[in-house]
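Enquirer: Sequence and predicted model, in that order:
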Amino acid sequence: MKHYPHHLDLQPALRAQGSMRLPGSKSISNRTLLLAALAGGVTRIHDLLASDDTHVMLMALQKLGVRWEQVGESQEYVVHGVDGVLPVHQADLFMGNAGTAIRPLTAALAAIGGDYTLHGVSRMHERPIGDLVDALNAAGMRIEYTGEPGFPPLHIRRGQIHTRRMSVKGNVSSQFLTALLMAAPLMAREEAVVIDVIGELISKPYIEITLNLMKRFGVIVEREGWQSFTVAAGQRYCSPGSIHVEGDASSASYFLAAGAIAGGPVRVEGVGRDSIQGDVRFVQALEQMGAAVTLGDNWIEARSNGMLKAIDADFNHIPDAAMTIAVAALYADGVSTLRNIGSWRVKETDRLSAMATELRKLGAAVEEGDDYLRIAPPERIAPAAIDTYDDHRMAMCFSLASLDGAARRGAQIRIMDPKCVAKTFPDYFEAFAMVTRGDLI
């Protein structure tokens, strides 16, 4: 286990430049692990993310009787698929705080049937799952709450599917739709399954990741816009043989923003112009702010063009990467507004409230709305101890406040509880130090 100090002090960094190799995408990693487990055949997964969230999924699959092996000390894994029939029908599964693990796994286990309990850390028990459970139970599956209704922990029993048409709200988390889509082939052995989305669907790029990966495993989903999705009868997951996990586009945002703020160029490798991840669109926001961005097949590079420009934009499509823009706004030439980010409130913490609180510590004037943040940058960034709320993205994005930009100088930033980055990027601060040549104390 990697050791992390109680806090980490980041000294002001004059410039960010260089290149770094990204860890694997969390969203792709956990989806790929579950699809490989449910598929027929053996799947070799290259560059799987090494993190708390993928460890949670691997341990859950192991408890369910799915065999997998790690190849040496590499991030290559071999998963032996069960072809939709789990060997273990009763299990108690700890899901940590991994939404990308508990939500799809809940749907898959409910569709397969058995006697399963799923629980996690205390914050997981505050993250909503009721819309997904309602959709599954309405179709004949049996999921019970063992704590507060609408939230984990859950107890899944064997149900009797009586309808192949389900509805789910789209405005809380796209992971609910992802979960239903991934489980749909397990329910569509004899009849097609139709999933209707109620209201506006948020975070659409994450659904595109799901559909892309399902196709890689042999299942085609027909859709009518973003309102209705159909999985035809008789489709089964089949191993593609081997699959490569792209570098994490959300993690790329911190380094690209560093290049845009503090000179650059900074290049990230492992993700490029043809990425299936929606967060690669983060570069469009950086360009709106005046940064120079170049994309290759498997790399992206960003550099400064002087003072960043204030931005007023809708970030519904890239909610995770939008947190990086909120900190970059400290270096802008005016007031920035991030809109349509209400989903932040049901993430690892209430990110809207947490971001507003910590940005104010740095001297920014912040207006926090139900689904927006308005950020007026300070004359000078103030030194501060940043609370991270056990949220990996809080720790990573606030590291950027230590950078010297064209508009204002960075400050000494103390990151409290830096071990939270282990959720998706255990070596983040070493990578950040390499790019900024900053000192870690």
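Expert: Done, it's in. Values in this document were obtained by computation on a predicted structure and should not be read as measured data.
Enquirer: When you work out contacts or count neighbours from here on, use the C-alpha atoms and nothing else.
Expert: Noted.
Enquirer: where do the helices sit along the stretch 51-200 of the chain?
Expert: 52-63, 99-112, 130-138, 174-187 (DSSP state H, counting those that start in this stretch).
Enquirer: Can you check the pLDDT for D439?
Expert: Predicted confidence (pLDDT) at D439: the value is 40.
Enquirer: from now on call the first residue 20
Expert: Got it, first residue is 20 now, which makes that one D458.
Enquirer: and G244, how many neighbours?
Expert: As a burial measure, G244 scores 7 neighbours (other CA atoms under 10 Å).
Enquirer: what's the spacing between it and E219?
Expert: Using CA to CA, to the nearest Å, G244 is found at 11 Å from E219.
Enquirer: got it, and P24?
Expert: Distance, P24 to E219, by CA to CA: 42 Å.
Enquirer: hmm, back to that, can you put the helices of the stretch 70-219 of the chain in JSON lines and add mean neighbour count and mean pLDDT?
Expert: Output for the helices of the stretch 70-219 of the chain, formatted as JSON lines (neighbours: other CA atoms under 10 Å; pLDDT from 0 to 100):
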{"stretch": "helix 71-82", "mean neighbour count": "20", "mean pLDDT": "97"}
{"stretch": "helix 118-131", "mean neighbour count": "24", "mean pLDDT": "97"}
{"stretch": "helix 149-157", "mean neighbour count": "20", "mean pLDDT": "97"}
{"stretch": "helix 193-206", "mean neighbour count": "25", "mean pLDDT": "96"}
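Enquirer: What is the helix or strand V454 falls within packed up against?
Expert: V454 belongs to helix 447-455 when assigned by DSSP states H and E. When contacts are defined as 3 or more CA pairs under 8 Å, 6 or more residues apart in numbering; DSSP states H and E, helix 447-455 sits against strand 35-40.
Enquirer: quick one: whichever helix or strand comes after the strand it packs on to helix 71-82, angle?
Expert: Where DSSP H and E defines the elements, the next helix or strand beyond strand 35-40 is helix 45-57. Interaxial angle of helix 45-57 relative to helix 71-82 (axes from the mean of the first three to the mean of the last three CA atoms, to 10 degrees): 10 degrees.
Enquirer: Now D111: closest residue in space, sequence neighbours ignored.
Expert: Spatial nearest neighbour of D111, excluding adjacent residues (CA to CA, 6 or more residues apart in numbering): T136 at 4.8 Å.
Enquirer: pretty sure the one you found contacts P172?
Expert: Yes - T136 is in contact with P172 according to CA atoms under 8 Å; the separation is 7.2 Å.
Enquirer: Just list whatever residues bridge to Y164.
Expert: Bridge pairing for Y164 (DSSP bridges) gives the partners L173.
Enquirer: which residues touch it?
Expert: Y164 makes contacts with 170-174, as judged by CA atoms under 8 Å, 6 or more residues apart in numbering.
Enquirer: Among those residues, which one has the most neighbours?
Expert: That'd be P171 among those, by other CA under 10 Å, with 27 neighbours.
Enquirer: Look at it and report its pLDDT.
Expert: Taking P171 on its own, its pLDDT is 97.
Enquirer: Could you do Y135 as well?
Expert: 98.
Enquirer: What residues of the helix holding V454 count as buried?
Expert: The neighbour-count criterion (16 or more other CA atoms under 10 Å) identifies 447-448, 450-455 as the buried residues of helix 447-455.
Enquirer: So what touches it?
Expert: Residues outside helix 447-455 that contact it (CA under 8 Å, 6+ apart): 32-39, 274, 285, 415, 440, 458-459.
Enquirer: at 7 Å instead, please
Expert: Residues outside helix 447-455 that contact it (CA atoms under 7 Å, 6 or more residues apart in numbering): 32, 34-38, 440, 458.
Enquirer: repeat for stretch 121-139
Expert: 108-116, 160-161, 171-178, 194-195, 197-199, 201-202, 205-206.
Enquirer: any idea how far T368 is from L57?
Expert: In terms of CA to CA, L57 sits 31 Å off from T368.
Enquirer: So between these two, which is more surrounded?
Expert: Remark: of L57 and T368, L57 carries more neighbours, 29 against 20, as counted by other CA under 10 Å.
Enquirer: Go through the contacts of helix 447-455 and single out the one with the most neighbours.
Expert: Sorting the contacts of helix 447-455 by how many neighbours each has (other CA under 10 Å) puts A35 first, at 30 neighbours.
Enquirer: and that residue, what is it in contact with?
Expert: Taking CA under 7 Å, 6+ apart as the contact definition, A35 lies against 277-278, 281-283, 285, 454-455.
Enquirer: if you set the cut-off to 10 Å instead, what comes out?
Expert: Going by CA atoms under 10 Å, 6 or more residues apart in numbering, A35 touches 274-285, 322-323, 422-424, 451-457.
Enquirer: what's the answer for A426, then?
Expert: Counted by CA under 10 Å, 6+ apart, A426 has contacts 280-281, 325-327, 349-352, 396, 398-399.
Enquirer: Show me which of those residues are buried.
Expert: Among those, those classed as buried by 16+ other CA under 10 Å are 280-281, 325-327, 349-352, 396, 399.
Enquirer: Where does pLDDT dip in this protein?
Expert: For the chain, applying pLDDT under 70 flags the ranges 20, 457-460.
Enquirer: returning to what we had before: take the contacts of A426 and write them to TSV, including secondary structure and distance to C257.
Expert: Shown next, in TSV, are these (DSSP: H, G, I helix; E, B strand; the rest coil; distance: CA to CA, whole Å):
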residue	secondary structure	distance to C257
I280	helix	45
A281	coil	46
G325	coil	50
M326	coil	50
L327	strand	47
L349	helix	48
Y350	helix	48
A351	strand	49
D352	coil	52
P396	coil	51
E398	coil	57
R399	coil	56
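Enquirer: Out of those residues, the closest to H411 would be?
Expert: Taking CA to CA as the measure, H411 sits nearest to L349 out of the contacts of A426, at 20.0 Å.
Enquirer: That closest one touches K380, doesn't it?
Expert: No - counting by CA atoms under 10 Å, L349 stays clear of K380, with 11.8 Å between them.
Enquirer: if I look at the two, which residues touch both of them?
Expert: Common neighbours of L349 and K380 (CA under 10 Å, 6+ apart) are I400.
Enquirer: ok, what's across the strand from the residue nearest to D111?
Expert: Beta-bridge partners, per DSSP bridges, of T136: D111, H174.
Enquirer: measure stretch 350-364 end to end?
Expert: The straight-line separation of the ends of stretch 350-364 (CA to CA) is 25 Å.
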